[in-house]
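>>> sequence first, then the predicted structure, then my questions.
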Amino acid sequence: MQPSASAIPDFYYAIFAFYEPALTILGFIGTVHDPETTHNTQAPWPADHPPPASLPKASIVTVIQLAHVCALVGVVNFFVLTAIRKHLSTQPAIQEKIVFGLMTPLLMGDCMHLFVTLWALGDERWDISQWSPMLWTTIILGFTLMIPRIMWHLGIWRYVDTRDRQVDITTDEKK
């Protein structure tokens, strides 16, 4: 596939301006609808210690706030990437710099999210047969965002100014 003349071509735009916001908004809606299930399915529970019958208010508020922040990140992606494509469509080098400013902390967040999730599981982190469906979903969907972000940083299928810039050859340079 040829590199695009945009720092955020359709492939990345679809993932980060539509797919990611959809995931985060649906996660928020699901959490608001049933915060206890959202909380209780994040990780496996020991057989001798089932999840609580009801969560304290502080836990419910915390779970909903976390889901809200995730949804907010998705919505920010949509608006920032849409503005970049609309208002900087003729300036791919500037697009690249601004999208880098968005993608870099998000990639760091993807890596930290994976690390913290596995770390929090403690000694059971590699007992994947005991992982809950929600934990599997969290890990797999995280990779569906992390891998395209890594690809973006590697310059795959997008404009990279240092590689793709068209240099104007003046008459002095021709001699």
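Received it, and whenever you're ready, just let me know what you need. Only a predicted model underlies this, so the values are computations on that prediction, with no experimental measurement involved.

>>> what's the single longest helix in this protein?
For the chain, the helix with the greatest residue count under DSSP state H is helix 57-87.

>>> which elements pack onto that one?
The contact analysis (3 or more C-beta pairs under 8 Å, 6 or more residues apart in numbering; DSSP states H and E) places helix 57-87 against helix 20-33, helix 35-40, helix 92-120. Any C-beta I mention is one placed from the backbone N, CA and C, and that applies to glycine too.

>>> would you turn those into JSON lines with distance to Val76, mean pLDDT and mean neighbour count?
Compiled in JSON lines, the helices and strands packed on helix 57-87 are given as follows (distance: least, C-beta to C-beta, whole Å; pLDDT from 0 to 100; neighbours: other C-beta atoms under 10 Å):
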{"stretch": "helix 20-33", "distance to Val76": "9", "mean pLDDT": "98", "mean neighbour count": "17"}
{"stretch": "helix 35-40", "distance to Val76": "22", "mean pLDDT": "96", "mean neighbour count": "18"}
{"stretch": "helix 92-120", "distance to Val76": "8", "mean pLDDT": "97", "mean neighbour count": "15"}
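
>>> quick one, which of these gets closest to Leu72.
When the helices and strands packed on helix 57-87 are ranked by distance to Leu72, counting by C-beta to C-beta, first place goes to helix 20-33 at 7.9 Å.

>>> the inter-axis angle of that closest one versus helix 57-87?
160 degrees (axes from the mean of the first three to the mean of the last three C-alpha atoms, to 10 degrees).

>>> can you pull the contacts of Gly27?
Ala67, Cys70, Ala71 (C-beta atoms under 8 Å, 6 or more residues apart in numbering).

>>> what about it, distance to Ser54?
To Ser54, Gly27 is 22 Å away according to C-beta to C-beta, to the nearest Å.

>>> so, low pLDDT: which residues of this structure?
1-3, 168-175 (pLDDT under 70).

>>> swap in 80 and give it another go.
Counting by pLDDT under 80, the ranges of the chain that qualify are 1-4, 167-175.

>>> separation between the residue nearest the centre of the chain and Leu107?
Closest residue to the average C-alpha location of the chain: Leu145 at 4.7 Å, with C-alpha atoms, centre = their mean. Leu145 sits 9 Å away from Leu107, going by C-beta to C-beta.

>>> do the same with Leu88
Counting by C-beta to C-beta - Leu88 and Leu107 are separated by 21 Å.

>>> report the contact partners of the residue lying closest to Ala22 once chain neighbours are set aside.
Spatially, and ignoring its direct neighbours in sequence, Ala22 is nearest to Gly74 (7.5 Å; C-beta to C-beta, 6 or more residues apart in numbering). Shown in contact with Gly74 (C-beta under 8 Å, 6+ apart): Glu20, Pro21, Ala22, Leu23, Thr24, Ile25.
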